[in-house]
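Q: Quick one, structure for this:
(one chain, ligands or ions: 1)
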Amino acid sequence: MDKRYDHKLYEEKIYSLWEKSGAFTPKIDPKKKPYTIVLPPPNASGRMHTGNVLMIAIEDLLIRWKRMQGFSTLWIPGTDHAGFETQITFERTLKEKGKSRFDFDRNTLYKKIEEFVLENKGLIEEQIRNMGASVDWSRYKFTLDPDVIETVVNTFEKLHKDGLVYRDNYMVNYCPICGTTFADLEVKHKERKDPLYFLKYGPFSLATVRPETKFGDTAVAVHPDDKRYKQYIGKEIEVEGLLSKFKLTVIADTFVDPKFGTGVVKVTPAHDKNDYEAGLRHNLEIKPVIGLDGKLNENAGKYAGLAVTAARKIIVEDLRKKGLLEKIDENYIHTVAVCYKGGHDIEPTILPNWFVKVKKLKEPAHNAVKEGVVKIYPKWQESKYHRWMESMQDWPISRQVVWGIRIPAWYDINDNKNLLITFLNNKKETVSGEIGKLSEKYSFEEIEKGLQTLIAPQSAKYVIAAHKPKGEFLQETDTFDTWFSSGQWPLVTLGYPNSKDYKYFYPTDVLETAWEILRLWVSRMIMFGIYLTGKPPFKDVYLHGIVRALDGKKMSKSLGNVINPEEYQEEFGTDALRMGLISGTANGKDFNFPRDKVISFRNFANKVWNIGRFLSIVLEKEGYKKYDDLLSYSKDMESKLKQEDKDLVKKFDQLTKDVNTCLGKYRFSDAAEVIYHFMWDDLASNYLENNKNRVDKDVTLSVFRHVYFNSLKLLHPFMPFITEAIWQELKNQRKYPEQLLISSSWPENM
Ligand SMILES: [Zn+2]
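A: Numbering: from 1, shown residues only. Purely as a prediction, here's the structure:
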């Protein structure tokens, strides 16, 4: 053995040794119990962050432990298409070339993003390998694989048949100039100076920057604790308007800032996000006054047809003439939302969206955890799940991005003349408008081929089908929320509903992930699992903490405190990084990146190596060149053992029990700690030191060799590379020299 362990010389070689041995690919064996984990899929176009690394370390630990215990162990790897994030990343590369998504029709854009992802997908797969993950690559899945899409589409059809899907209004970030919606991530916020108008509103004076939306007001709101207005709460007020007198109710809601303006605000649920949410809470009417063309609509009476900024000027003038304008603050600075594409003002707009009714889905999912059919570790995280299940509302699942699974809804253009579409014609010019008018000028084929977006009114007729129906049908251009497909991850990875894998490996054993996505992801998987199969998709959920930066803050690019795990891997070795993170994650709490622990486990790795090297040198010196040359440890040796030997074996037995107990309760850092202390203190410092001068060298060496090899087994799931490296270096000292440590059996009581 070399004087010191150099991880760079071993890691790659050892990974390929494991992979070639077939140890990662389990057999479906009815005589064995299955043990299954699905890897939470990292984003295909990204790099792994520290949280991903922790996740891999924990899951590989569990998988290796169970594999050595004789389970038929399956760990399925995969990557996620990550709709929004990936599309935005891709659009940045387009921008560098002076292009944008608006230069392409939908299908072309999809193919371009797909190519981009395929180029990058290899990077993350390589990182998963470098971490030593013993995943079954032969079962690798991507969330946009054709069979995944098929299952997801089938689920949507079933939900629709069961009456659990509907279309309803939903507030989106809409840019009337670009004619499209933008994700929250695509909306920029900038500070701007705008006039703040103080309007006379019945008994009140109230401030607004948007007097033109007053035709859409359906309430007036004050803060519940604001003493000035207490007597008005719940009452109706009469307001003198530009078109006519109208009545509004005064609601009390904590979203009102009593310090803004006069502490009274008008509520326009159709055109403001806060107002929209307040509207949902107070059951307010939603009354749109601005159309998708950015002009005031019929609700604005004589102002209909005016664009927003032009309308504002005229309306302010008319309010002044009627004596309804009290004053103007010309120096009001506020934050406005603009589209990232052209910097145009975002118009929060209500558009029809696809929803899933959650009541029937969430009740059994809630009960599964209440009744302990699914257990959440650590236990203190469980209340988050219950709170979420109690408050969960119907789920809006449409996303206005191309990179995703397209919703399988089809609109017959002859039945839906008022579909609003945007497409590139054959000359690559952008054309927008109602399909009824546009189809007089353009053929269906030209429209379909160049289609970018489609907005179907609430009343549109549609067909849900996996494939295009016969006739002039345009498919919905919205895609599913990423969580809608990844919510079916345990099912799609196992080939639900008919595969042998599904029948043998489902339900899986544990779902391990960051607590941050308990709501978004874990809850949805439980809902879909029970809805489709009658069984929750896993028995246990283990939620790990968030790895924070060295300074204790959340890692963020803008703070410049992001830790690149690969640098640590390079310097200290994968084993030290894995063990450092595992040891840092006590009871699922958030923790600072444990730099000191990584270093101390690098030292531990050296110690473990040195013990092995010492053993090999002594055995060589004493003439025990092969396993059989030395007395092999067995129960029959009992009479020859000294008290020190018996104590060591007893301690090791206890260690094995402790490790099993800790891992069974997902107390990884405790397990790491006991192994560390056993090997360093009990085995190396005490036993070796105290027994080096014994006359019965064969007995003490036999005990020592035996306990050391078994300790390597216990340590293997935590530090797989170095333990396997030593195992191979000392193959002559083992009964089965060809055996790999990864496939060896877990120690039982000696
Ligand atoms: Zn725009």
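
Q: right, and Phe90 touches Val402 too?
A: No. Phe90 is beyond contact range of Val402, at 9.6 Å (criterion: C-beta atoms under 8 Å). Bear in mind the C-beta positions are built from the backbone N, C-alpha and C, glycine included.

Q: Looking at these two, which one has more neighbours?
A: Remark: of Phe90 and Val402, Val402 carries more neighbours, 25 against 22, as counted by other C-beta atoms under 10 Å.

Q: Read off the pLDDT value for the more buried one.
A: Looking at Val402, its pLDDT stands at 93.

Q: So it is in contact with Gln87, correct?
A: Yes. Using C-beta under 8 Å, Val402 is in contact with Gln87, at 6.5 Å.

Q: so what sits against both of those two?
A: Residues touching both Val402 and Gln87 (C-beta atoms under 8 Å, 6 or more residues apart in numbering) are 101, 113.

Q: what about Leu243, which SS state?
A: coil (DSSP: H, G, I helix; E, B strand; the rest coil).

Q: Spatially, and excluding backbone neighbours, which residue is closest to it.
A: Closest residue to Leu243 apart from its sequence neighbours, by C-beta to C-beta, 6 or more residues apart in numbering: Gly301 at 4.4 Å.

Q: Distance check, the residue of the stretch 501-650 of the chain found nearest the ion against Cys339.
A: Among the residues of the stretch 501-650 of the chain, Ser558 lies closest to the ion, at 25.0 Å counting by C-beta to the ion. For Ser558, the distance to Cys339 equals 22 Å [C-beta to C-beta, to the nearest Å].

Q: Check Ile611 too.
A: The value you get for Ile611 to Cys339, if C-beta to C-beta is used, is 63 Å.

Q: Same question for Asp272.
A: According to C-beta to C-beta, Asp272 stands 17 Å off from Cys339.

Q: before we move on, what about Tyr15?
A: 46 Å.

Q: again, but for Tyr140
A: Using C-beta to C-beta, Tyr140 is found at 37 Å from Cys339.

Q: Among those two, which residue is more densely surrounded?
A: Cys339 (22 against 16).

Q: The residue nearest to the more buried one when sequence neighbours are not counted pairs with what?
A: The shortest distance from Cys339 to any non-neighbouring residue, by C-beta to C-beta, 6+ apart, is to Cys175 (4.1 Å). Taking DSSP bridges as the rule, Cys175 bridges to Thr180.

Q: How about the contacts made by Cys175?
A: Applying C-beta under 8 Å, 6+ apart, the residues near Cys175 are 181-182, 339, 341-342, 344-347.

Q: how about stretch 312-330: buried residues?
A: 312, 315-316, 319, 324-326 (16 or more other C-beta atoms under 10 Å).

Q: Could you do stretch 439-456 as well?
A: 439, 442, 446-456.

Q: Could you export those residues to JSON lines, including columns for distance to the ion?
A: Output for the buried residues of stretch 439-456, formatted as JSON lines (distance: C-beta to the ion, whole Å):
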{"residue": "Ser439", "distance to the ion": "26"}
{"residue": "Tyr442", "distance to the ion": "24"}
{"residue": "Glu446", "distance to the ion": "25"}
{"residue": "Ile447", "distance to the ion": "23"}
{"residue": "Glu448", "distance to the ion": "25"}
{"residue": "Lys449", "distance to the ion": "24"}
{"residue": "Gly450", "distance to the ion": "20"}
{"residue": "Leu451", "distance to the ion": "19"}
{"residue": "Gln452", "distance to the ion": "14"}
{"residue": "Thr453", "distance to the ion": "13"}
{"residue": "Leu454", "distance to the ion": "18"}
{"residue": "Ile455", "distance to the ion": "15"}
{"residue": "Ala456", "distance to the ion": "21"}
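
Q: other SSEs contacting the least confident helix or strand in the chain by mean pLDDT?
A: Ranked by mean pLDDT, DSSP states H and E, the weakest helix or strand in the chain is strand 180-182, scoring a mean of 75. Other elements packing on strand 180-182 under the criterion 3 or more C-beta pairs under 8 Å, 6 or more residues apart in numbering; DSSP states H and E are strand 165-175.

Q: what's the spacing between the strand it packs on and its chain's center?
A: Strand 165-175 sits 23 Å away from the centroid of its parent chain (C-alpha atoms, centre = their mean, to the nearest Å).

Q: what does stretch 243-260 give?
A: The answer for stretch 243-260 is 38 Å, by C-alpha atoms, centre = their mean.

Q: How is the closest residue to the ion within the stretch 601-750 of the chain assigned, secondary-structure-wise?
A: As assessed by C-beta to the ion, the ion sits closest to Tyr666 within the stretch 601-750 of the chain, at 48.2 Å. Using three-state DSSP, the structure places Tyr666 in coil.

Q: wait, isn't Lys327 in contact with Leu199?
A: No. Counting by C-beta under 8 Å, Leu199 is not a contact partner of Lys327; they are 9.7 Å apart.

Q: Show me what Ile328 bridges to in the sheet.
A: Tyr197.

Q: Hmm, Lys697 is touching Glu622, no?
A: Yes. The pair Lys697 / Glu622 is scored as a contact, 6.0 Å apart, by C-beta under 8 Å.

Q: where's Phe215 relative to Asn426, distance?
A: Here Phe215 is placed at a distance of 41 Å from Asn426 (C-beta to C-beta).

Q: Pick out whichever of the two has more residues nearby.
A: Phe215 (26 against 11).

Q: so the more buried one, which of the three states?
A: Phe215 falls in the helix class when you classify it by three-state DSSP.

Q: Please name the residues that touch it.
A: Phe215 neighbours (C-beta under 8 Å, 6+ apart): 241, 243, 287, 289, 296, 299-301, 303.

Q: cool, and Lys121?
A: Counted by C-beta under 8 Å, 6+ apart, Lys121 has contacts 44-45, 79, 142.

Q: on that earlier part again, tell me which of the buried residues of stretch 312-330 is nearest to Asp225?
A: Distance to Asp225 across the buried residues of stretch 312-330 (C-beta to C-beta) is lowest for Glu326, with 24.9 Å.

Q: how about the residues of the stretch 451-600 of the chain near the ion?
A: Not one residue of the stretch 451-600 of the chain sits near the ion, judged by C-beta under 5 Å from the ion.

Q: no no, the chain
A: 175, 177-178, 339, 341-342, 344.

Q: Dihedrals phi and psi, Ile350?
A: phi -90, psi 120 (degrees, to the nearest 10).

Q: So for it, what's the nearest residue that isn't a sequence neighbour?
A: Nearest to Ile350 is Asn169, by C-beta to C-beta, 6+ apart, at 4.4 Å.

Q: Check what pLDDT the one you found gets.
A: 86.

Q: next one: Cys339
A: Reported pLDDT for Cys339: 86.

Q: cool, Gly179 as well?
A: 68.

Q: try the one 4 residues further on
A: At Ala183, the model reports a pLDDT of 69.

Q: just Arg47 next, same as before
A: pLDDT, Arg47: 83.

Q: And for Leu420?
A: pLDDT, Leu420: 91.

Q: Tell me who's in contact with the closest residue to it other than its chain neighbours.
A: Closest residue to Leu420 apart from its sequence neighbours, by C-beta to C-beta, 6+ apart: Ile455 at 4.3 Å. By C-beta under 8 Å, 6+ apart, the contact set of Ile455 is 292, 351-352, 419-421.

Q: can you check Arg210 too?
A: 268, 271, 312.

Q: would you list those in a markdown table and tack on pLDDT and secondary structure?
A: Conversion of the contacts of Arg210 to a markdown table gives the following (pLDDT from 0 to 100; DSSP: H, G, I helix; E, B strand; the rest coil):
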| residue | pLDDT | secondary structure |
| --- | --- | --- |
| Thr268 | 96 | coil |
| His271 | 94 | coil |
| Arg312 | 96 | helix |
